[in-house]
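*Asks:* predicted structure and sequence below. I'll ask about it afterward.
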Amino acid sequence: MATARVLVLVTVVLGLTRAGPVPTSKPTTTRRGCHMDRFQSLSPRELEAFKKAKDALEESLSRKNWSCSSRLFPRSRDLRLLQAWERPVALEAELDLTLKVLENMTDSSLGVTLDQPLRMLHHIHSELQACVPAQPTADPRPHGRLHHWLHRLQKAPKESQGCLEASITFNLFRLLTRDLKCVASRDLCV
């Protein structure tokens, strides 16, 4: 009988060690799921509002003296190169920076022009947050390309305000038409 107990105990212990570590935290759940499909293409009215904002931003930038030490959004950056679960994380960071920069623009004449695009960007941002996976407590740092992109975005505030405004302005349509569409398309973005 003692041998049977030892055998059962050894079997249970071996079974648990093969199962892997016990998760230290449960993934966070939201009341709503990730519903980004609506953003696969924006309406012509929404795109027109962003075009007006981009034109006004470019006009404002033409009156400023700005220069950048590096490209915040290099041409080689492509969300399709990331794994499907990493794409919302990268877009969320990009959108977060975009909102911060646009909300801190000092040119008061842009206020009315930026109102509708900012509301839309906030809406997209709130919907996107339901798609960003919870970071596990064991290893919260992303790796590879995602880590490189997030690190670049985290260093962005060290650039001049003019450089940030220019980078965000010139990346705005890429964010809306390429990056957002890629995240909204999920696994179909190849």
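*Replies:* Looks like it came in fine.
*Asks:* ranges for the helices of this protein?
*Replies:* Remark: helices assigned in the chain by DSSP state H are 2-19, 44-62, 86-103, 111-129, 144-155, 161-174, 180-185.
*Asks:* and Cys68, which of those helices is closest to it?
*Replies:* The closest of the helices of the chain to Cys68 is helix 161-174. By C-beta to C-beta, the value is 4.0 Å. C-beta: built from backbone N, CA, C; applies to glycine.
*Asks:* what distance do you get for Lys52 to Glu46?
*Replies:* Distance, Lys52 to Glu46, by C-beta to C-beta, to the nearest Å: 11 Å.
*Asks:* sorry, back to before: buried deepest among the helices of the chain, which one?
*Replies:* Among the helices of the chain, ranked by average contacts under mean count of other C-beta atoms under 10 Å, first place goes to helix 180-185 (a mean of 22).
*Asks:* before we move on, the earlier item: could you dump the helices of the chain to JSON lines with mean pLDDT and distance to Cys34?
*Replies:* What follows is the helices of the chain, written out as JSON lines (pLDDT from 0 to 100; distance: least, C-beta to C-beta, whole Å):
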{"stretch": "helix 2-19", "mean pLDDT": "39", "distance to Cys34": "28"}
{"stretch": "helix 44-62", "mean pLDDT": "90", "distance to Cys34": "20"}
{"stretch": "helix 86-103", "mean pLDDT": "92", "distance to Cys34": "7"}
{"stretch": "helix 111-129", "mean pLDDT": "91", "distance to Cys34": "8"}
{"stretch": "helix 144-155", "mean pLDDT": "88", "distance to Cys34": "18"}
{"stretch": "helix 161-174", "mean pLDDT": "88", "distance to Cys34": "22"}
{"stretch": "helix 180-185", "mean pLDDT": "92", "distance to Cys34": "9"}
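*Asks:* what would those look like in CSV with distance to Ser69?
*Replies:* Below are those laid out as CSV (distance: least, C-beta to C-beta, whole Å):
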stretch, distance to Ser69
helix 2-19, 49
helix 44-62, 17
helix 86-103, 16
helix 111-129, 26
helix 144-155, 10
helix 161-174, 8
helix 180-185, 27
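*Asks:* and of those helices, who's closest to Gly33?
*Replies:* Closest approach to Gly33 among the helices of the chain (C-beta to C-beta): helix 111-129, 10.3 Å.
*Asks:* hmm, who's touching the closest one?
*Replies:* 35-36, 38-39, 42, 46, 49-50, 52-53, 56, 88, 91-92, 95-96, 98-99, 102-103, 105, 180, 183 (C-beta atoms under 8 Å, 6 or more residues apart in numbering).
*Asks:* and stretch 178-188, end to end?
*Replies:* Length of stretch 178-188, first residue to last, C-alpha to C-alpha, to the nearest Å: 13 Å.
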